[in-house]
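Novice: let's see this in three dimensions:
(one chain, ligands or ions: 1)
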Amino acid sequence: MSSLKDKIIVITGGNSGIGYTTAKAFLAKGAKVLITGRQPGAVQKAVHALGHPAEGFKADQSDMNDIRRLYEYLQGRFGKIDSLFVNAGVAKLAPFETVTEAQYDELMNINFKGAYFTIQQLLPLINDGGSITLLSALNAYTGTPNATVLSASKAALNSLGRTLSRELAYKRIRVNIVNPGIISTPLLEKAGLPDETREHLSNITPLGRLGQPEDIASLVTFLASADASFITGAEYNVDGGLMVHPLIA
Ligand SMILES: NC(=O)c1ccc[n+]([C@@H]2O[C@H](COP(=O)([O-])OP(=O)(O)OC[C@H]3O[C@@H](n4cnc5c(N)ncnc54)[C@H](OP(=O)(O)O)[C@@H]3O)[C@@H](O)[C@H]2O)c1
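Specialist: Numbers count the residues shown, from 1 in each chain. Below is the predicted model:
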């Protein structure tokens with residue numbers, strides 16, 4: 001893979017799961033990485049574990065003031081950045097009949113509105129020829145029960161990515177979308193996914209296992225590299241073949 005040495009990468013929601021593992025992968029390839037997250041303790045702990053030159057910034061990506069503070073911090077610290085990995089997200093499931101306005105707003109505000117305005121506000125910092133990668137989900141395309149808001153928030157993100165890939169092409173900024181299947185991260189517990197469901201999903205996945213954060217990290221680092229310099233507006237399912245399985249829930 002082309003070198004990512006000294007490239008400056010910003011990862012939203014990088015203190016856990018896919019974001020954290022992707023930060024590790026970028027660092028291993030010589031990049032400089034800044035991660036965000038809502039809990040200062042968790043961000044600090046992750047930065048410490050990642051080691052030099054990882055950096056952190058406490059930000060709630062669904063909060064416009066935090067996004068602005070992040071912009072100002074990045075501008076002062078780095079001036080310009082090379083790649084933005086829009087990873088921060090939450091997954092909450094609830095039957096359609098019970099979804100409250102507060103639940104709807106939380107998912108939409110973090111997964112879509114937050115992503116939208118993070119990209120808009122940080123765009124002036126992204127070098128021409130840089131890249132943006134959006135972490136969506138297979139749910140963007142499935143009819144998974146109890147995921148009406150989650151799936152819609154991710155489908156909106158894919159739509160945004162496709163549009164931006166055209167709209168930002170004049171700056172040669174590439175925008176791509178990654179749709180993970182079921183990846184073994186703390187999110188599964190936070191979403192209340194029972195062990196039996198995990199096992200079931202693992203069993204029906206053609207490749208016979210759940211994904212690992214490293215399965216996503218390797219693609220995201222590739223998409224940020226010069227090896228992907230002709231790839232934009234693309235969507236990748238990283239799901240062990242789950243999408244094509246006839247029994248997907
Ligand atoms: N795991 C899967 O099976 C799977 C499947 C499809 C898609 N995804 C997507 O992958 C992304 C990463 O998820 P994960 O599995 O790695 O889950 P995770 O381990 O729970 O990590 C989520 C990260 O996002 C951060 N975050 C959440 N809300 C945030 C906000 N408002 N502002 C800033 N940071 C925020 C969390 O930090 P704080 O909570 O400390 O803020 C954490 O660092 C999400 O967008 C998720 O939808 C995951």
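
Novice: got the buried residues for the helix or strand hosting Thr197?
Specialist: Taking DSSP states H and E as the criterion, the element that holds Thr197 is helix 195-204. Buried positions in helix 195-204, judged by neighbour count with 16 or more other CB atoms under 10 Å: 201-202, 204. C-beta: built from backbone N, CA, C; applies to glycine.

Novice: can you tell me which of those residues is closest to Ala191?
Specialist: Distance ranking of the buried residues of helix 195-204 against Ala191, using CB to CB, places Leu201 first at 12.2 Å.

Novice: assign Thr142 to helix, strand or coil.
Specialist: In the three-state summary, Thr142 is assigned as coil, counting by DSSP: H, G, I helix; E, B strand; the rest coil.

Novice: any idea how far Glu101 is from Gly143?
Specialist: In this structure, Gly143 and Glu101 are separated by 23 Å, where distance is defined by CB to CB, to the nearest Å.

Novice: and the two? which has more neighbours close in?
Specialist: Gly143 (10 against 7; other CB atoms under 10 Å).

Novice: so what's that one closest to, chain neighbours aside?
Specialist: Counting by CB to CB, 6 or more residues apart in numbering, Gly143 lies nearest to Ser151, which is 7.8 Å off, once chain neighbours are set aside.

Novice: where does the one you found fall, secondary structure wise?
Specialist: Per DSSP H and E: helix 148-167 holds Ser151.

Novice: likewise for Leu134?
Specialist: Under the criterion of DSSP H and E, Leu134 resides in strand 126-135.

Novice: how about that strand and the ligand, touching?
Specialist: Yes - between strand 126-135 and the ligand, judged by CB under 6 Å from any ligand atom, the touching residues are Leu135.

Novice: what's that strand in contact with?
Specialist: Residues outside strand 126-135 that contact it (CB atoms under 8 Å, 6 or more residues apart in numbering) are 18-19, 80-87, 89, 115, 119, 157-158, 160-161, 164, 168, 171-178, 180, 216, 220, 223-224, 228.

Novice: got it, and stretch 209-220?
Specialist: Residues outside stretch 209-220 that contact it (CB under 8 Å, 6+ apart): 17-18, 20-22, 24-25, 85, 133, 135, 178, 180-185, 198, 201-202, 236, 238-240.

Novice: and that stretch, which residues are buried?
Specialist: 210-211, 213, 215-217, 219-220.

Novice: out of these, the closest to Lys45 would be?
Specialist: When the buried residues of stretch 209-220 are compared for distance to Lys45 (CB to CB), Pro213 comes out closest, at 16.8 Å.

Novice: for the residue nearest to that closest one when sequence neighbours are not counted, grab the count of nearby residues.
Specialist: With sequence-adjacent residues excluded and distances taken as CB to CB, 6+ apart, Pro213 is closest to Thr21, at 3.5 Å. Residue neighbour count, defined by other CB under 10 Å, stands at 21 for Thr21.

Novice: ok, the helix or strand hosting Thr21 near the ligand or not?
Specialist: Secondary structure assigned from DSSP H and E places Thr21 in helix 17-28. Yes - contact of helix 17-28 with the ligand is found when judged by CB under 6 Å from any ligand atom, involving 17-19.

Novice: nearest to the ligand among those?
Specialist: Gly17 (2.2 Å; CB to the nearest ligand atom).

Novice: alright, calling it a day.
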